[in-house]
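K.L.:
Structure, please.
(one chain, ligands or ions: 1)
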Amino acid sequence: MRDEARSTAAGSACLEIRKLTKRFGGLVAVNDVSTTIERGKINAIIGPNGAGKTTFFNLISGVHPATSGQIVFNGTDVTRLRTDQVAQLGVSRTFQTTALFDMATVLDNLIVGHRLRTRANLWDVIVNSARLKAEEKLCREKAREALDFVGLSHIAHRMAGDITQEERKRVAFALALATDPQLVLLDEPAGGVNPDETLGLAELIRKFVRHGITVCLIEHKMNMIMSLADKIMVLNYGEKIAEGTPAEIRNNPAVIDAYLGAEHADV
Ligand SMILES: Nc1ncnc2c1ncn2[C@@H]1O[C@H](COP(=O)(O)OP(=O)(O)OP(=O)(O)O)[C@@H](O)[C@H]1O
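P.N.:
Residues are numbered from 1 along each chain as shown. Predicted coordinates for the structure are as follows:
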């Protein structure tokens, strides 16, 4: 964990989004959204399918360039940065579907995830350099540490193709730790897992925050969001229609109309 993450006051802006817009041809996927991701909190984004939630994550993490607007991370303008540059600064993410090498062990998947962040090159591999050996050792240690953090040490040597959906989600969390993030963006972290497992994943998300990592998550499971989030932003057709505490969002007529009253809500 980074020192800055620990030393900066909880509740201050970790990420500031100013009038962010993304157009895909004629479609406005994110429309003039301004918000703040608060440091040391669990920030949630909800809304109907196609509301622009994943696109919002793609803009923050540099997958798509914004059409207009600004993204400021810890006071630095990151609007035009590439994904690797944003990751380097301390923003990592998980995806709705966790892509793993199914024929490799869970631990090896984690080691590969960590290796992508190291500096050894082909020359180091050919001569089996000291740098390569040192990095391999460090990656193995960090991978084991990440597995322990997410509670998967007991399946380190199982093939990734044989693990459950909930375990895949935990591996995704462990991969997100590889860049030593200050902010993690979790896209449907409890998608496809049962209610008991959802509780376990919620507890893991709280653990991230206790360790100084700010969380922003997209989720359709309303029970989970309402008990987990400190703050919720609601998107609908790319626009922010509400923002507030779970109690405020639950009672907001526009949100009930656009989302909570619909069949999307898993309450
Ligand atoms: N790369 C793309 N090119 C064109 N249109 C896109 C692209 N990505 C997303 N869109 C469109 O932008 C809109 C918002 O999509 P997005 O995936 O961000 O919504 P979402 O709220 O995450 O939905 P879900 O809850 O189903 O994941 C949709 O109409 C989608 O079809």
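
K.L.:
so how many other residues sit close to the spatially closest residue to residue 12 that is not a sequence neighbour?
P.N.:
Distances taken as C-beta to C-beta, 6 or more residues apart in numbering place residue 39 nearest to residue 12, at 5.1 Å, with adjacent residues excluded. From N, CA and C alone the C-beta is placed, and that goes for glycine too. By the criterion of other C-beta atoms under 10 Å, residue 39 has 22 neighbours.

K.L.:
where are the low-confidence patches of the stretch 51-200 of the chain?
P.N.:
115-132 (pLDDT under 70).

K.L.:
Do you have the strands of it handy? List them.
P.N.:
68-73, 76-77, 91-93, 183-187 (DSSP state E, counting those that start in this stretch).

K.L.:
what packs against the longest one?
P.N.:
In terms of contact count using 3 or more C-beta pairs under 8 Å, 6 or more residues apart in numbering; DSSP states H and E, strand 68-73 is assigned the packing partners strand 13-24.

K.L.:
Run the contact check for the following helix or strand past the strand it packs on versus the ligand.
P.N.:
Of the helices and strands lying after strand 13-24 in sequence (DSSP states H and E), the nearest is strand 27-38. Yes. Strand 27-38 reaches the ligand (C-beta under 6 Å from any ligand atom) through 27, 29.

K.L.:
hmm, who's touching whichever helix or strand comes after strand 27-38?
P.N.:
Using DSSP H and E, the helix or strand that follows strand 27-38 towards the C-terminus is strand 42-46. Applying C-beta atoms under 8 Å, 6 or more residues apart in numbering, the contact partners of strand 42-46 are 37, 53, 56, 205-206, 209, 214-220, 222, 225, 228-235, 249, 259.

K.L.:
So which of the residues you listed belong to helices?
P.N.:
53, 56, 205-206, 209, 222, 225, 228, 249 (DSSP state H).

K.L.:
Dump the strands of the stretch 51-200 of the chain into TSV; add distance to the ligand and mean neighbour count as well.
P.N.:
Shown next, in TSV, are the strands of the stretch 51-200 of the chain (distance: least, C-beta to the nearest ligand atom, whole Å; neighbours: other C-beta atoms under 10 Å):
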stretch	distance to the ligand	mean neighbour count
strand 68-73	15	17
strand 76-77	23	11
strand 91-93	13	25
strand 183-187	8	24
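
K.L.:
Okay, the residue nearest to residue 12 and the ligand: tell me how far apart.
P.N.:
24 Å (C-beta to the nearest ligand atom, to the nearest Å).

K.L.:
right, and that residue touches residue 216 too?
P.N.:
No. The criterion here is C-beta atoms under 8 Å, and residue 39 misses it with residue 216 at 10.9 Å.

K.L.:
rewinding a little: with distance to residue 49 added, can I get the strands of the stretch 51-200 of the chain in a markdown table?
P.N.:
Compiled in a markdown table, the strands of the stretch 51-200 of the chain are given as follows (distance: least, C-beta to C-beta, whole Å):
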| stretch | distance to residue 49 |
| --- | --- |
| strand 68-73 | 23 |
| strand 76-77 | 31 |
| strand 91-93 | 19 |
| strand 183-187 | 13 |
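
K.L.:
State which helix of this structure is the longest.
P.N.:
Under DSSP H, the chain gives helix 130-149 as its longest helix.

K.L.:
and that one, what does it pack onto?
P.N.:
helix 106-115, helix 122-127, helix 165-176.

K.L.:
Those: which one's closest to the ligand?
P.N.:
Closest to the ligand of these, according to C-beta to the nearest ligand atom: helix 165-176, at 15.8 Å.
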